[in-house]
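Colleague: pasting a predicted model and its sequence here:
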Amino acid sequence: MLNLSQLTQQVRSIAIEAANFIRQERLSFDKSKIEQKGLHDLVSYVDKGAEFIIVERLKDLLPEAGFISEEKTIVKKGDVYNWIIDPLDGTTNFIHDIPAYCVSIALARNRQPIIGVVYEVTSKECYYAFEQGGAFLNDRRIKVSASTTLSDSLLATGFPFYKFEYQNQYINLLKHLMQQCRGIRRIGSAALDLAYAAAGRFDCFFEYNLNDYDMAAGVLLVKEAGGIAYDFEGSQEMLDKRSVIAGNFDITNLVLSAVKMHFK
């Protein structure tokens, strides 16, 4: 039986170590070493270095666990447990020195996140949660917002940067929502957006065409903070359906209704 509380604290320490590396590298970052994995999909030696640190530390915590990581530092699939890692979520922000990027680490049991840690590098805010243990920000318990109407809500989203087949539907969805809510923010890091939703800063976050490492930790944060999460079809298979709508119960369901209206 895993001691999830103890394991979460160990993961926190690993996230902080990786964040310290990222913070130090930002001081002398060399843009000439940026690589392009795909259209507008950037990676740097910092992403890879941070992931190496995380993987090396996690190997000893749970030897039977596999790894699902953005930079594929290690290829190992676990039968039950898998670490799901984004070593630097918000790489484009990092490259342009925009202070909104983070380390995201989750542990999943049979594709269901049971530990989630999101560490915002520049602010040193550490969001963490474990199954049935609640959600926390730097040792302070957090809860999703209490808003019940879109008119009182601040939403967050992300924009597609290489798959545009739903572009028109998405623009129409934004038109619909922006007329009803207080505003829509686009930070550029899905993991942070979900952490902010867990802390009640955003009432709901929605985005499609995400990877599991973008949202595994953040989805658990939202749920443990008293919220709900769906994919764009209204099921709870976010990691496999590659889309998410997450936040407090009322607003998330209102956004889900709008999504279903525009994504037919």
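Modeller: Okay, I see it.

Colleague: average model confidence for the longest helix seen in the chain?
Modeller: Counting residues, the longest helix found in the chain (DSSP state H) is helix 4-26. Taken as a whole, helix 4-26 has a mean pLDDT of 97.

Colleague: residue boundaries of the helices in the stretch 151-264 of the chain?
Modeller: In the stretch 151-264 of the chain, helices defined by DSSP state H, counting those that start in this stretch lie at 167-178, 190-198, 212-224, 238-241, 249-262, listed in chain order.

Colleague: and the contacts of the last one?
Modeller: With contact meaning CB atoms under 8 Å, 6 or more residues apart in numbering, helix 249-262 is reached by 145, 147-150, 153, 155, 169-170, 172-173, 176-177, 203-204, 206, 227-230, 232, 234, 245-247. The C-beta positions use only the backbone N, C-alpha and C, and glycine is treated the same way.

Colleague: redo that, cut-off 7 Å
Modeller: Residues outside helix 249-262 that contact it (CB atoms under 7 Å, 6 or more residues apart in numbering): 147-148, 150, 153, 155, 169, 172-173, 176-177, 203-204, 206, 227-228, 230, 232, 234, 245-246.

Colleague: okay, buried residues for it please.
Modeller: Judged by neighbour count (16 or more other CB atoms under 10 Å), helix 249-262 contains these buried residues: Asp250, Ile251, Thr252, Asn253, Leu254, Val255, Leu256, Ala258, Val259, His262.

Colleague: in CSV: these, plus distance to Val55 and pLDDT.
Modeller: Shown next, in CSV, are these (distance: CB to CB, whole Å; pLDDT from 0 to 100):
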residue, distance to Val55, pLDDT
Asp250, 39, 98
Ile251, 36, 98
Thr252, 33, 98
Asn253, 38, 98
Leu254, 40, 98
Val255, 35, 98
Leu256, 35, 98
Ala258, 39, 97
Val259, 35, 97
His262, 39, 93
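
Colleague: quick one: buried ones out of the contacts of helix 249-262?
Modeller: Buried members of the contacts of helix 249-262, scored by 16+ other CB under 10 Å, are 147, 150, 153, 155, 173, 177, 203-204, 206, 227-228, 230, 232, 245-246.

Colleague: returning to that earlier point: turn the buried residues of helix 249-262 into JSON lines, columns for distance to Ile68.
Modeller: Output for the buried residues of helix 249-262, formatted as JSON lines (distance: CB to CB, whole Å):
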{"residue": "Asp250", "distance to Ile68": "32"}
{"residue": "Ile251", "distance to Ile68": "30"}
{"residue": "Thr252", "distance to Ile68": "25"}
{"residue": "Asn253", "distance to Ile68": "29"}
{"residue": "Leu254", "distance to Ile68": "32"}
{"residue": "Val255", "distance to Ile68": "27"}
{"residue": "Leu256", "distance to Ile68": "26"}
{"residue": "Ala258", "distance to Ile68": "31"}
{"residue": "Val259", "distance to Ile68": "26"}
{"residue": "His262", "distance to Ile68": "30"}
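
Colleague: and those, which is closest to Asn20?
Modeller: Among those, Thr252 lies closest to Asn20 (CB to CB), at 34.2 Å.

Colleague: now the closest one: how far from Asp231?
Modeller: Relative to Asp231, Thr252 is positioned 12 Å away (CB to CB, to the nearest Å).

Colleague: likewise Tyr45?
Modeller: Distance from Tyr45 to Asp231, by CB to CB: 33 Å.
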